[in-house]
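Q: Could you work out the structure for the sequence below:
(chains A and B)
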Amino acid sequence: MRPGVDHILLLCAQRLLAEVAPHVGAPYAQGDVGAIAFLLMFAGQDIDRAGENLATDIREMQAIFASAAPFVAPRDRAFADALRAAAEEPQGSLRLSALTGRKCDHDARLIELHAYVETQDGPQARAIERAILGHLRDSTARRALAMPQASG
Amino acid sequence: MDDSLAAPLARYLADLLEAEGGVTIESARRIHGGASRETYAFDAVFLSGGAPHRRGLILRRDPVDTLIDTERALEFAAYQSVGAAGIPVPRAVALVTDPSVLGRPFFIMERIDGGAASSPFAKDAYAPHAEAIGRAFFAHLGRIARLDPAGTPLARIVDVPGLHTCWARELDHWERVIDTDALEPQPVARAAIRALRRRPPPPPSRLAIVHGDYRSGNFLHDGAGRILGVLDWEMAHIGDPLEDLAWSMDPLWCNGRPDLAAGLLARDQAIHLWEEESGRTVDRDALAWWEMFAHLKGLAIWISAARSFADGKNVDPVLAFSGWYCQVEHNRLIAARLAAEAGA
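A: Predicted structure coming up:
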């Protein structure tokens, strides 16, 4: 679609800030208009990348689960099986809601795995820990939002 | 402010101010900002002793969904505690915990005129007086840390922790907030909580009054380099003063200048000023613990904001902004820090 949704949201936000907010009488409502404009800008930044970010998160976590399962297996067979199953889960729907649901499931499993390896000794445990933290660092960095310049 | 609030407020003030013939509320306006509280500025106009009076006042009232009267009492006590010690704060006028007066507990304080609060997200919001503001900002924070909380109004209404339990009490509190309000799994927050518990900070040499939200945006300045009032004491408590120092330097509110503490001063200069005014020495390892804690506490607050917005309890767009932008930023800051510490 042209113009893209990101473009539409950005232009609407700019219009709210430049043309609408100055004509809103009550200061509190004016502040609301500014906050809503910022939210539209954030949505404009996120809309193009949201699906890819979620799919990348899921792929990275599945790779961590696959590599961690052999380490976990001798200590906790059931947990290792759950990790393998999660690692092999098919992609499924690409709707954002479906991707978000799968990411949440994997996040819960990742928390469990992370807490588990922190209690284990040895270089393999540390390597899994570093992989998890590297994933969290990259995943959160991918979601960074550019802050529109607010007035002082 | 509609008449359903202005009328009972005027009736209440007529008694409080011993007005002859009642009080008129003029120039009332709701102040934008922290959506968790309703804050109104207004003038109370009245006759007393036969003479006309106009007093600039602030009304702070809890919103409907957080009917916890101790929060108003806590903030009121904090203003009383530090105001008496010379920290620039609005003078506390009255606290009313009886919800029949204005529907919910509230308090009244004097309005500080001639000042403005700047957005913590606006780049160079304090230029060209950033250094002067920065010196005052960290000096006031040091003076707050110097105060002995014993015997203050605040100490009479909050739990006073032991020196060795300050950190655990705060971490327990914010972990509970995340447990209660998180809408989805929080792998970054959980990792931070475990990391903080593995390496507790050393205790402070003595307890202090902690503002709880001391940062850019929560003070009034005169546009010429002077801080007129330190505001928003609703999270005040007694604990380790490094909590405030770390929070004040969190990169989220650095006005687009992450190279500077609070976007105002070089980090070492800020810490040095704080040490001079507080009479304390900063343990850098302890400060590092409290900086990670500050990220986590922020994250917990934004998680709560997102929950309130999603549940429809409070659909102020500021909560959506906090629940989105601020949550993304604190997740990012924590994850980067944890990864760096682990060599990832």
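Q: which outside residues touch stretch A:138-152?
A: The contact list for stretch A:138-152 (C-beta atoms under 8 Å, 6 or more residues apart in numbering or on different chains) reads A:13, A:34, A:37-38, A:41-42, A:45-46, A:49, A:53, A:56-57, A:60, B:116, B:118-119, B:121-126, B:188, B:256, B:324-325, B:328-329, B:331-332, B:334-336. In this view, the C-beta of every residue, glycine as well, is placed from N, C-alpha and C.
Q: if you set the cut-off to 7 Å instead, what comes out?
A: Residues outside stretch A:138-152 that contact it (C-beta atoms under 7 Å, 6 or more residues apart in numbering or on different chains): A:38, A:41-42, A:45, A:53, A:57, B:118-119, B:121-123, B:125, B:188, B:325, B:328, B:331-332, B:335.
Q: can you check stretch B:53-67 too?
A: B:9, B:36-46, B:68, B:71-72, B:75, B:90, B:93, B:102, B:104-111, B:113, B:313-314.
Q: next helix or strand past the helix or strand hosting B:A136?
A: For B:A136, the host element (DSSP states H and E) is helix B:130-146. For helix B:130-146, the following helix or strand on the C-terminal side (DSSP H and E) is helix B:153-157.
Q: Within the helices and strands, which one has A:A29?
A: Using DSSP H and E, A:A29 falls in helix A:27-47.
Q: Now do that helix: which elements does it pack against?
A: helix A:5-15, helix B:317-321 (3 or more C-beta pairs under 7 Å, 6 or more residues apart in numbering or on different chains; DSSP states H and E).
Q: Could you say which one of these comes nearest to A:V117?
A: helix B:317-321 (35.3 Å; C-beta to C-beta).
Q: And whatever residue of chain A ends up closest to chain B, how far from B:D311?
A: Closest approach between chain A and chain B, counting by C-beta to the nearest C-beta: A:G31, at 3.1 Å. A:G31 sits 22 Å away from B:D311, going by C-beta to C-beta, to the nearest Å.
Q: residues in contact with the residue of chain A closest to chain B?
A: A:G31 touches B:H32, counting by C-beta under 7 Å, 6+ apart.
Q: how distant is the helix holding A:A29 from the center of its chain?
A: The chain centroid and the centroid of helix A:27-47 are separated by 20 Å under C-alpha atoms, centre = their mean, to the nearest Å.
Q: downstream neighbour of the helix or strand of chain B with the lowest mean pLDDT in the secondary structure list?
A: Across the helices and strands of chain B, mean pLDDT, DSSP states H and E gives its lowest value to helix B:69-83, namely a mean of 85. Following helix B:69-83 in sequence order, the next helix or strand is strand B:92-96 (DSSP H and E).
Q: Sitting in helices, which of the contacts of stretch B:53-67 do you find?
A: B:9, B:71-72, B:75, B:102 (DSSP state H).
Q: near chain A, from the contacts of stretch B:53-67?
A: Counting by C-beta under 7 Å from any C-beta of the partner chain, the subset of those that neighbours chain A is empty.
Q: How many neighbouring residues does residue 81 have?
A: No chain specified, so I'll use chain A. Counted with other C-beta atoms under 10 Å in any protein chain shown, residues neighbouring A:D81 total 13.
Q: I was thinking of chain B, sorry if that wasn't clear
A: Neighbour tally, B:S81, other C-beta under 10 Å: 25.
Q: Let me see the contact set for it.
A: With C-beta under 7 Å, 6+ apart, B:S81 has these contacts: B:152-154, B:209.
Q: which of the residues you listed sit farthest apart?
A: Top of the distance list for those (C-beta to C-beta): B:P153 and B:I209, 10.5 Å.
Q: Please say which of the two ends up with more neighbours.
A: B:I209 (27 against 19).
Q: quick one: the residue nearest to that one when sequence neighbours are not counted from chain A, how far?
A: Spatial nearest neighbour of B:I209, chain neighbours left out: B:P149 (4.8 Å); criterion: C-beta to C-beta, 6 or more residues apart in numbering or on different chains. B:P149 sits 34 Å away from chain A, going by C-beta to the nearest C-beta, to the nearest Å.
Q: Hmm, B:R206 and B:P149 touching each other?
A: No - counting by C-beta atoms under 7 Å, B:P149 stays clear of B:R206, with 9.1 Å between them.
Q: For chain A, give me the ranges with low pLDDT.
A: A:149-152 (pLDDT under 70).
Q: tell me which parts of it are close to chain B?
A: A:27-28, A:31-32, A:35-36, A:38-39, A:42, A:104, A:107-108, A:110-111, A:114-115, A:118, A:129-130, A:133-134, A:136-137, A:140-141, A:143-145, A:147, A:149-152.
Q: Just the ones in helices from those residues, please.
A: Reading helices off the residues of chain A next to chain B with DSSP H, I get A:27-28, A:31-32, A:35-36, A:38-39, A:42, A:104, A:107-108, A:110-111, A:114-115, A:118, A:129-130, A:133-134, A:136-137, A:140-141.
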